[in-house]
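**Student:** sharing a sequence plus its predicted fold:
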Amino acid sequence: MADILLRGGRLVDPAGEADATCDVLISGGRIEAVGTGLDPGRAEVIDVDGAIVAPGFVDTHVHLREPGREDEETIASGSAAAVLGGYTAICAMPNTDPVCDNAAVAEKVAATGSFLGLTQVIPAGSLTQGLQGKHLAAIGEMATCNARVRLFTDDGHGVQDARLLRRAMEYLKGFGAICAEHCDDESLSEGGHMHEGEYSSRLGLRGQPAEAEELALARDIVLARLTGARFHALHVSTARSVAIIRQAKADGLPVTAEATPHHLTLTDACLVDYDTNFKVNPPLRSPHDVEVLRAGLADGTIDNIATDHAPHAAQEKEAEFEAAPPGLIGLETALGVIMGELVEGGLLTLGDMVRRMSTTPARILGLEGQGGPVVPGAWANLVVFDPGARWTVDPGKFASRCRNCPWAGKELVGRVLLTVFQGRVVGRDGQVSTAAPLGAFA
């Protein structure tokens with residue numbers, strides 16, 4: 001393995017409380033030294049003057065589609081997309097075919113990611129068998145298998161049966177695992193295709209009321225209080241959801257929450273042309289919801305930013321609006337969206353952004369060697385990005401197999417220059433390395 005010296009970048013490392021210009025020397029997959037004027041020895045010197053060096057990004061919410069829908073994404077293509085987005089760890093949702101509701105599927109996903117050696121792939125397990133919401137999945141089997149499943153969810157569906165969810169939380173608590181919910185009361189949202197409000201009325205589309213999310217979220221937090229289980233709210237989207245989470249944290253409950261770049265920057269007005277690339281679940285909400293969600297991210301009520309990267313085949317997204325599946329791809333645009341909208345907009349500092357895209361999600365998932373600190377002896381999982389680079393989104397050049405991107409043709413600010421995983425450069429200037437994998441995180 002070649003040694004590397006990152007020369008002259010600005011290290012932004014919330015976990016290590018560092019924000020300074022320095023060199024980072026990498027040897028044997030780990031950080032060897034951090035400081036100024038370091039002797040490279042035989043290491044390859046990479047000049048990163050003017051760029052930000054930070055712990056690699058960590059995504060708590062990604063759809064890789066393998067097994068079952070490899071036409072839309074594979075673990076390989078999704079890992080490549082993650083690399084180009086600066087991610088050194090991604091958590092793969094269980095809604096595959098077969099569903100990740102047992103140890104065999106979980107271990108296969110983790111082993112494939114490890115063999116590829118591009119980014120750490122952590123499988124999420126389903127809460128219920130086949131995502132059907134009727135019987136608990138093999139939670140204990142997955143939590144104790146080689147894949148070490150940490151997060152369990154029926155993402156795409158909320159568990160509608162409160163008694164079943166209580167049982168799941170009680171079981172998960174014993175393993176120190178996380179119950180992550182797609183908060184949705186389907187008796188209110190069923191048949192809806194966008195946010196219920198002014199634009200759903202204008203467009204003649206059945207809406208999903210904000211209350212469908214809020215009612216389910218409130219119930220789930222009550223169950224977290226009852227059971228003492230760790231609870232993570234997936235892709236929070238409404239103003240009152242932020243208030244519910246804020247109160248839960250004030251009450252001392254073990255609750256965390258994520259928001260996506262699209263829910264933080266886009267509104268239901270984007271659907272005025274019936275563009276299915278803006279159709280997501282939960283749906284894009286009102287400007288007021290976006291404003292409050294941003295404030296919740298800034299004050300720490302919302303813990304982390306997750307992409308909910310959800311690739312879909314072109315023929316599916318090109319169907320009429322009601323028939324098209326919800327979801328968009330986001331791994332390769334997340335940095336540019338957040339930098340341009342929230343950092344340049346003054347809502348977040350660079351340190352805040354790194355904390356919410358790297359340090360905090362790594363801690364939520366319990367990942368050692370991810371999210372910093374960038375100190376001698378730590379695994380070298382890093383991202384280097386130019387915070388001022390402006391670029392135009394061309395999904396045709398993405399590593400992802402799908403093109404359902406709402407930012408196509410838009411100019412974004414902030415671009416990944418280099419991604420280092422386990423001490424190896426796995427992505428550089430928009431290209432993915434084909435170097436042999438190490439598999440250190442099997």
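**Tutor:** Alright, I've got the coordinates.

**Student:** give me the mean pLDDT for the helix ranked longest in the chain.
**Tutor:** As assigned by DSSP state H, the longest helix anywhere in the chain is helix 210-227. Averaging the model's pLDDT scores along helix 210-227 yields 98.

**Student:** ok, now stretch 375-388?
**Tutor:** Stretch 375-388 carries an average pLDDT of 98.

**Student:** same question, stretch 129-144
**Tutor:** Rounded mean pLDDT across stretch 129-144 is 98.

**Student:** picking up where we left off before, which other helices and strands contact the helix or strand that the longest helix of the chain is followed by?
**Tutor:** As assigned by DSSP states H and E, the chain's next helix or strand after helix 210-227 is strand 230-233. Applying 3 or more C-beta pairs under 8 Å, 6 or more residues apart in numbering; DSSP states H and E, one finds that strand 230-233 contacts helix 162-175, strand 178-181, helix 210-227, strand 255-259. Bear in mind the C-beta positions are built from the backbone N, C-alpha and C, glycine included.

**Student:** want to throw the ones you listed into a markdown table with mean neighbour count and distance to residue 424?
**Tutor:** Formatted as a markdown table, the helices and strands packed on strand 230-233 follow (neighbours: other C-beta atoms under 10 Å; distance: least, C-beta to C-beta, whole Å):
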| stretch | mean neighbour count | distance to residue 424 |
| --- | --- | --- |
| helix 162-175 | 18 | 32 |
| strand 178-181 | 26 | 29 |
| helix 210-227 | 21 | 39 |
| strand 255-259 | 25 | 28 |
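
**Student:** now do the buried residues in stretch 126-137.
**Tutor:** Of all the residues in stretch 126-137, those buried under the rule 16 or more other C-beta atoms under 10 Å are 126-128, 131, 133, 136-137.

**Student:** between the helices and strands packed on strand 230-233, which gets nearest to residue 92?
**Tutor:** Nearest of the helices and strands packed on strand 230-233 to residue 92, taken as C-beta to C-beta: strand 178-181 at 12.6 Å.

**Student:** packing partners of that closest one?
**Tutor:** Against strand 178-181 (3+ C-beta pairs under 8 Å, 6+ apart) you get strand 151-152, helix 162-175, helix 210-227, strand 230-233.

**Student:** quick one: mean pLDDT over that strand.
**Tutor:** Here the average pLDDT along strand 178-181 is 98.

**Student:** just the CA trace of it, in PDB.
**Tutor:** Output of strand 178-181 as PDB, limited to C-alpha atoms (Å, rounded to 0.1, in the frame of the first residue of the first chain):
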ATOM      1  CA  ILE A 178     -31.500   1.300  16.600                       C
ATOM      2  CA  CYS A 179     -35.200   1.300  15.700                       C
ATOM      3  CA  ALA A 180     -35.400   3.600  12.600                       C
ATOM      4  CA  GLU A 181     -38.800   4.500  11.400                       C
END
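
**Student:** which other residues reach it?
**Tutor:** Residues outside strand 178-181 that contact it (C-beta atoms under 8 Å, 6 or more residues apart in numbering): 60, 124, 127, 150-155, 158-159, 165, 168-169, 172, 216-217, 220, 224, 229-234, 364-365.

**Student:** specify the local secondary structure of the residue located most distally from the centre of the chain.
**Tutor:** Distance to the chain centre peaks in the chain at residue 41, reaching 37.0 Å (criterion: C-alpha atoms, centre = their mean). On the three-state scheme (DSSP: H, G, I helix; E, B strand; the rest coil), residue 41 is labelled coil.

**Student:** contact partners for it?
**Tutor:** Residue 41 sits next to residue 3 when contact means C-beta under 8 Å, 6+ apart.

**Student:** what are the phi and psi values for it?
**Tutor:** Residue 41 adopts backbone torsions of phi 60, psi -120, taken as degrees, to the nearest 10.

**Student:** residue 85 now?
**Tutor:** Torsion angles, degrees, to the nearest 10, at residue 85: phi -90, psi 0.

**Student:** next, count neighbours for the closest residue in space to it that isn't next to it in sequence.
**Tutor:** Leaving aside its sequence neighbours, residue 85 sits nearest to residue 331 (C-beta to C-beta, 6 or more residues apart in numbering; 4.2 Å). Counted with other C-beta atoms under 10 Å, the neighbours of residue 331 add up to 27.

**Student:** confirm for me that residue 331 is in contact with residue 405.
**Tutor:** No - taking C-beta atoms under 8 Å as the definition, residue 331 is not a contact partner of residue 405, at 10.3 Å.

**Student:** the residue nearest to residue 85 in helix, strand or coil?
**Tutor:** coil.

**Student:** and it, how far is that from residue 163?
**Tutor:** Residue 331 sits 36 Å away from residue 163, going by C-beta to C-beta, to the nearest Å.

**Student:** just to revisit the earlier point, distance check, the residue farthest from the centre of the chain against residue 26.
**Tutor:** In this view, residue 41 and residue 26 are 12 Å apart by C-beta to C-beta.

**Student:** swap in residue 428?
**Tutor:** In terms of C-beta to C-beta, residue 428 sits 14 Å off from residue 26.

**Student:** what about the two, which has more around it?
**Tutor:** Neighbours were counted for residue 428 and for residue 26 using other C-beta under 10 Å; residue 26 has more, 26 against 17.

**Student:** could I get the helices and strands packed on strand 230-233 as a markdown table with distance to residue 390?
**Tutor:** Formatted as a markdown table, these follow (distance: least, C-beta to C-beta, whole Å):
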| stretch | distance to residue 390 |
| --- | --- |
| helix 162-175 | 44 |
| strand 178-181 | 35 |
| helix 210-227 | 34 |
| strand 255-259 | 24 |
